[in-house]
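>>> sequence and predicted structure are below.
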Amino acid sequence: MVRHERPRVLLLTGGPMDGAESSDVRLASDVLEALPDVDFVWFARWPDHGRDPPRRGRPVRMLSRDGVSHVPQRVQAVLAGAVFARRVDLVHAFLSVGSAFPVFSWLRPLFLGGRPVVHTVPAVADCRFLARSRPLGATVALSESMARRLRSADFGDVRVIPPMIDLDTWPYLPRPRGYPMVLFAGYHDLRGGAETAIDAAAEAWRAGARFRLVLAMRRRPGQHSGLLDQALRERAGAAGLPDVEVRGHVEDMRALIASAHVLVYAPAVLGGKADIPLIVLQSLASGRPAVLSDLPQFADFGHAVLRAPAGDARRTGQQLAWLLDQPRSWDVLAERGRALAEDHFGPERFAARYAALYRELLLS
């Protein structure tokens, strides 16, 4: 293939980029917007009634009624990728390491041909899948801890490019006035943190802290969200929390985060969720202190957050109560969080690293 002045790159995601937001779609969208000198090919939803699609590049339609990456959409992505991988200069795959990834990785020459490949790994559902997998090409991890795991699984030269947060979209905000609100946002996943957030809030309440707890819960395909939401309300009532709201999917996360005083994000495991969850970056960029699980992925946040042992509701609640009672410490953490977002997760650094990686592979 003759290389063009503007390289052509296929963004290989498991579903349409104008469908339901997921970690792979978000990362691919950020790369598309960050690199204006690249001609991208990407998957779009058909029928076309999803969220606003990217305004750049060439869309390739896939059949998707709800915009979610179900098995049929992943099959379409693989088949379309096998066609378009041979028409571009480089393939950039955004694929988590799940149960189907080992087979795909071994069949990589069949599906992706001989083009250079960048593989950004949003998440690893289970490290046991890594032992049965092969690298697709140049591998990108979102955190140093994930890079270490990939290298130990013989993925070779693994680069670390943290995800980005749009600092203009998520400006630093002053502390909200009025009665404090504590936020948890996540999925109804086993050991995903919602139950720990409730138990930690109950611990903080017993210690004298006064606040409202809001749980913004997103539904996985096949889950009965009404029953799961009600189970969380019942757990909160049994724990003695008088002011708890359980919401479904929130359209305007900026408004919700702006009204929060503290984010409590305390999963015992991340599972298939993004290695660096978006809700954490959004909260830190907005100047909202966070109490996080002491997972390896969050070690990169240093002293910009408070951490408690994973699944330890008592310690998490103590951290929350202390933070709500210490306005000066709240201010320090709010400023540290914003500085971390600017220095480590800013769009300029993100764009420069991916542009350099593209150049390296296209010239090799």
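Received, thanks. Residues are numbered from 1 along each chain as shown.
>>> could you point out which element follows the helix or strand containing Val103?
Element membership of Val103 [criterion: DSSP states H and E] is helix 101-106. Using DSSP H and E, the next helix or strand after helix 101-106 towards the C-terminus is helix 108-112.
>>> how about that following helix: buried residues?
Using 16 or more other C-beta atoms under 10 Å as the test for burial, helix 108-112 gives Arg108, Phe111, Leu112. For every residue, glycine as well, the C-beta is placed using N, CA and C.
>>> so what's the first one up against?
Under the criterion of C-beta atoms under 8 Å, 6 or more residues apart in numbering, the contact partners of Arg108 comprise Val117, Arg134, Leu136.
>>> cool, and Pro135?
Going by C-beta under 8 Å, 6+ apart, the list of residues near Pro135 reads Ser105, His119, Asp154, Phe155, Gly156.
>>> correct me if wrong: Leu213 contacts Val246.
No: between Leu213 and Val246 there is no contact under C-beta atoms under 8 Å: 9.1 Å.
>>> which one of these two is surrounded by more residues?
Between Leu213 and Val246, counting by other C-beta atoms under 10 Å, Leu213 is the more crowded of the two (25 against 21).
>>> and the more buried one, that's in a helix?
No: assigned with DSSP: H, G, I helix; E, B strand; the rest coil, Leu213 falls outside any helix and is strand.
>>> the closest residue to Pro171 other than its chain neighbours: what's it in contact with?
Excluding the flanking residues, the one nearest Pro171 by C-beta to C-beta, 6 or more residues apart in numbering is Ser286, at 7.3 Å. Ser286 is in contact with Trp170, Pro171, Tyr172, Leu173, Arg254, Ile257, Ala258, Arg338, counting by C-beta under 8 Å, 6+ apart.
>>> my read: the fourth one touches Gly287, true?
The reference is to Leu173. Yes: between Leu173 and Gly287 there is a contact under C-beta under 8 Å: 5.3 Å.
>>> the helices in this protein, which residues?
Assigned by DSSP state H, the helices in the chain fall at 23-34, 71-84, 101-106, 108-112, 144-152, 194-206, 225-239, 253-259, 278-285, 313-324, 327-344, 347-363.
>>> and those helices as JSON lines, adding distance to His92 and mean pLDDT?
Formatted as JSON lines, the helices of the chain follow (distance: least, C-beta to C-beta, whole Å; pLDDT from 0 to 100):
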{"stretch": "helix 23-34", "distance to His92": "7", "mean pLDDT": "94"}
{"stretch": "helix 71-84", "distance to His92": "11", "mean pLDDT": "91"}
{"stretch": "helix 101-106", "distance to His92": "15", "mean pLDDT": "96"}
{"stretch": "helix 108-112", "distance to His92": "11", "mean pLDDT": "94"}
{"stretch": "helix 144-152", "distance to His92": "17", "mean pLDDT": "95"}
{"stretch": "helix 194-206", "distance to His92": "33", "mean pLDDT": "97"}
{"stretch": "helix 225-239", "distance to His92": "33", "mean pLDDT": "95"}
{"stretch": "helix 253-259", "distance to His92": "26", "mean pLDDT": "96"}
{"stretch": "helix 278-285", "distance to His92": "19", "mean pLDDT": "96"}
{"stretch": "helix 313-324", "distance to His92": "37", "mean pLDDT": "97"}
{"stretch": "helix 327-344", "distance to His92": "22", "mean pLDDT": "97"}
{"stretch": "helix 347-363", "distance to His92": "8", "mean pLDDT": "97"}
